[in-house]
Every structure is written in structure tokens, then in C-alpha cells.
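Engineer: coordinates for the following, if possible.
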Amino acid sequence: MSRTRFYFPCRRKSAFTLVEILVACAVAMLLMMVVLGVLSMTSRLWKDTSVKIQAFSDARAAFSRISQDLSQALLNSYWDYDTLPYPTKYERYSELQFLTCRMPQLGVAYTPAYYPTCGAFFQAPTGVTWAKNDYGNMPGLLNAYGYFIEFGSDQPDLPSFLPTTVPKRYRFRLKQWQMASEDFKLYSQTATANGKKFLGTDTLSWIKFTEPVPRTIAENVIALVVVPRAAEANGTVGEPMTANYFYNSRNDGSSALELAQKHQLPPTVEVVLVTMDETSARRVQGSSTTPPALVSPSLFTDPKDLERDIQTLLTGLDDQKIRYVVLRSIVSIRGAQWN
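Structural biologist: Take a look at the predicted model:
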């Protein structure tokens, strides 16, 4: 008996060739590399932005504080006879003082290396007291203020319970010198002449950084520039009211420029703050205890060269790969309209 055999047509099975698999793997690897690159760039950008925001947050808060305090500066000026007992005219007087200057102009102790750029010293009715139970209901009490940059260690700012073996960090720091209302000693520095009170021949004697000790409000601030200016006109910034950043409301008015300052508040003040991040400060400072040469003493000597000086400073920071932020604003002093 014969067997019946069945024959089925041969079907070719479909599959990827080795070349196709290699091409697909290459495309997949390329896409993964692109995705990983985008994720890495996004992560790095997010990290840099977060670090930058965190590093400069103190500087922004300090800048806001300076602007707010400056806007409240006052002199309480008044009109009185020029001389007694034979007066010849009325003159403007004030027992208070508004002072901006480059820090070396305060004295030889304030060297440009350790006290770069400018400082501002004034009085404002902010009512800050330490003995709040006794003076808390008197918000209009006077306070003396000072803002400047100082280079040094962080030892004075460390808590007392930390051991002395904690390594010191040497940095540029923005300092606030604030005299509480109950410790206000400006009037104790006055003398009497022609029946009037005034600050005496040494108009800077009330500025004593030992009473009280200045406190740090922002680290790694390398430049503070304060330019008293005239009032804005037609939308343009007013002209500087000083030729060398020295504005003293207690001067003798011997020149036309000083006469415009005498017992007067400037209508506006331009404030420029330049700060760098901690990473750059750590790299530039290293383990040295001396200040790095970041701001040349030849800069910020004439307000007319302000734009050029700022650009020169920033170019130097760029050359050293230093990350920085520039904060700049025009502050209107409300008390100037009452002078």
C-alpha cells in the first residue's frame, strides 16, 4: 500500500539583517546621547542658576536694605542767623550729617586694599532699638547708619560656642554700622559757637566702628559705589553733586560745589553693588589671609568716569573667570524736598 505524501510550499521567514540591527542600535545610541546631553545641560543650568540665586540672595537683600535706609535719610535743617550778637543774614543749619566718601577719605587706617570703594553714613528716623520694652512705641527715633566694605576673617561673626580651632574664612564683606536709638551719640559730639550747636571741626568724630561694632549683612561684596546726584530732569539722571565721591553736608561751603552740599541732602543717590559668588571667592582667595587685588585703587575716583570704571572692573572679573552680579539703582531721598 502506497503512502500519500503532502508537500507544502516553503515560506520565507521575515527578519532583520545584521546590518539593520547595527544601524538601529547606532540610531538608538545617538538618540540616547542627545537626550543625556540635553538632560546634563539642563541639570547643569539648573544647578548653576540655583547656586547663583542662593549665592547672591544676601547681596540682593542687603542692596534693598541700603536703598530703603538711604531713602529715609534726613538732616532736620532749619534757618537761623549767621552770627551773634550782630547777625547779617539767615543761613541754613543742621546738627545732623549726610556723608558719602571713598573709605580712605575717612582716615589713613582705611586702606583701599582692606576697605575698597565707597561708604555712606547718615541718620534716619527708623526707630530701631535694642531695649524694645522701653522704646518700642516710638518708631520715629533717630538711628545712625553706615554702609561700607571691609576685608577680614569671619571670626567676629561666628557664634561664641564654636571652638577657636574653626578655620577662619577671609572674605570681602558688606558691613552695616547701625547705632540704636538709645545709644545715639551724635549730639554728644557737638560743640557750641555763636550760641549754636554743631559737630565741631572734626565732622567725622561721631563715626566710631567700636561703638557699636559693624555687622556683616552680605559676603563677597567687592564694590559699593555711592554717587549723590541732582534731581532728575526730563527723564535723565541728574549730574553728580561731588567731584571725588566726597559729599559732606557739614562742609564750610567754600566752593560752589560745597555750597550746594552745605546742610543739604542730595535729591537722589545712585547705588552700585558688585558681588561675586562663593565658588569664585574660594578660588581667588585660597588660603591667603591678605585681600586679592580685585578692585584697583585707581578706579572710582571721579563720578564722571563711573561707567568706564564699572566696565573696567567687570572686564577684570571676566578675565579671572569670576561669576558676579551687578546691582544698580537710583534712590530718591524723600527728606531732600524739605531742606
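
Engineer: strands of the stretch 1-150 of the chain, start to end?
Structural biologist: Applying DSSP state E, counting those that start in this stretch to the stretch 1-150 of the chain gives strands spanning 78-81, 90-93, 99-102, 118-124, 143-153.

Engineer: dump those into TSV; add mean neighbour count, mean pLDDT and distance to S254 as well.
Structural biologist: Every residue, glycine included, has its C-beta placed from N, CA and C. Output for those, formatted as TSV (neighbours: other CB atoms under 10 Å; pLDDT from 0 to 100; distance: least, CB to CB, whole Å):
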stretch	mean neighbour count	mean pLDDT	distance to S254
strand 78-81	13	84	20
strand 90-93	15	84	14
strand 99-102	23	94	17
strand 118-124	23	95	21
strand 143-153	21	95	26
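
Engineer: can you say which of those strands is nearest to V331?
Structural biologist: Ranking the strands of the stretch 1-150 of the chain by their distance to V331 (criterion: CB to CB) puts strand 118-124 first, at 10.3 Å.

Engineer: which helices and strands sit right next to that closest one?
Structural biologist: When contacts are defined as 3 or more CB pairs under 8 Å, 6 or more residues apart in numbering; DSSP states H and E, strand 118-124 sits against helix 18-71, strand 99-102, strand 143-153, strand 221-229.

Engineer: can you do 7 Å?
Structural biologist: Using 3 or more CB pairs under 7 Å, 6 or more residues apart in numbering; DSSP states H and E as the contact test, the elements touching strand 118-124 are strand 99-102, strand 143-153, strand 221-229.

Engineer: export stretch 262-269 as CSV, just CAs?
Structural biologist: Provided in CSV are the C-alpha atoms of stretch 262-269 (Å, rounded to 0.1, in the frame of the first residue of the first chain):
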residue,chain,number,x,y,z
LYS,A,262,26.1,122.5,52.9
HIS,A,263,23.3,121.4,55.2
GLN,A,264,21.6,119.8,52.2
LEU,A,265,20.6,116.3,51.3
PRO,A,266,21.1,115.2,47.7
PRO,A,267,17.8,114.7,45.9
THR,A,268,18.9,111.3,44.6
VAL,A,269,21.7,108.8,45.2
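
Engineer: give the buried residues for it.
Structural biologist: 262-269 (16 or more other CB atoms under 10 Å).

Engineer: show me what V274 is bridged to.
Structural biologist: Beta-bridge pairing for V274 (DSSP bridges): A223, V326.

Engineer: which residues touch it?
Structural biologist: Neighbour list for V274: 222-223, 313, 324, 326 [criterion: CB atoms under 7 Å, 6 or more residues apart in numbering].

Engineer: how close does the residue nearest to P212 when sequence neighbours are not counted sit to Q337?
Structural biologist: Take P212 and drop its neighbours on the chain: the residue closest to it by CB to CB, 6 or more residues apart in numbering is M179, 6.3 Å away. According to CB to CB, to the nearest Å, M179 and Q337 sit 25 Å apart.

Engineer: and V128, what does it touch?
Structural biologist: V128 touches 143, 178, 180-181, counting by CB under 7 Å, 6+ apart.

Engineer: hmm, T117 is touching V227, no?
Structural biologist: No: look at T117 against V227 with CB atoms under 7 Å: they stay out of range, at 11.2 Å.

Engineer: one step back: neighbour count: M179 and Q337, which is higher?
Structural biologist: M179 (21 against 10; other CB atoms under 10 Å).

Engineer: against V128, how distant is the more buried one?
Structural biologist: Look at M179 and V128: by CB to CB, they are 9 Å apart.

Engineer: how about F16?
Structural biologist: Distance, F16 to V128, using CB to CB: 78 Å.

Engineer: Q337 now?
Structural biologist: From Q337 over to V128 (counting by CB to CB), the distance is 24 Å.

Engineer: mind listing what's buried in stretch 328-339?
Structural biologist: So for stretch 328-339, counting by 16+ other CB under 10 Å, buried means 331, 333, 335-336, 339.

Engineer: tell me the least confident of those residues?
Structural biologist: pLDDT across those is lowest for N339, at 63.

Engineer: ok, and the closest non-adjacent residue to the most centrally placed residue in the chain?
Structural biologist: Computing the C-alpha centroid of the chain and ranking residues by CA atoms, centre = their mean puts L273 first, at 3.9 Å. Closest residue to L273 apart from its sequence neighbours, by CB to CB, 6+ apart: L327 at 4.2 Å.
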